[in-house]
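Asks: Kindly generate the corresponding structure for this input.
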Amino acid sequence: MKTIIKTDKAPAPIGPYNQAILAGNMLFVSGQIALDPVSNQLVLDDIETETKLVMNNIKAILDEASFTFDDVVKSSIFLSDMGTFAKVNEIYGSFFTGNYPARETVQVSVLPKNVNVEISVIAYKG
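Replies: Numbering: from 1, shown residues only. Here you go, the predicted structure:
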């Protein structure tokens, strides 16, 4: 059985997908970008601000499903420029308490709406 997870505290999907799907005890959170959930405007001031908003959007979705970053077992980070990796990694890491998930970080040529970072996660509750 799968359950659609939706919250107004994260941006609405910009295509034919859901913010997250709960399947059993696994939560699959769609890639999040720096869309402000209130104004629905992109926030691309700098990579730190952009990454923090992405992570806050993920947090809102995790919260809606009663998960936390401690439950995240896998994350995928997509960057438009690998030169921003250190700054993104610092902000990303600040959302975890040391219980880090498995992860890959890749540079891609273009991301949705020409953002600089997109992050998706998979969480598990045993």
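Asks: Tell me who's in contact with the nearest residue to residue 84 once chain neighbours are set aside.
Replies: With C-beta to C-beta, 6 or more residues apart in numbering as the criterion, residue 84 has its nearest non-adjacent residue at 4.6 Å, and that residue is residue 47. For glycine as for every other residue, the C-beta is placed from the backbone atoms N, C-alpha and C. Applying C-beta atoms under 8 Å, 6 or more residues apart in numbering, we find residue 47 in contact with 84, 87-88, 116-117.
Asks: and residue 62, helix, strand or coil?
Replies: What DSSP: H, G, I helix; E, B strand; the rest coil gives for residue 62 is helix.
Asks: what about the strands in this protein?
Replies: Assigned by DSSP state E, the strands in the chain fall at 2-5, 20-23, 26-32, 72-79, 102-107, 117-124.
Asks: Using CSV, please lay out the ones you listed together with mean pLDDT and mean neighbour count.
Replies: Formatted as CSV, those follow (pLDDT from 0 to 100; neighbours: other C-beta atoms under 10 Å):
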stretch, mean pLDDT, mean neighbour count
strand 2-5, 98, 14
strand 20-23, 98, 18
strand 26-32, 98, 20
strand 72-79, 98, 19
strand 102-107, 98, 12
strand 117-124, 98, 21
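Asks: Perfect, that will be all.
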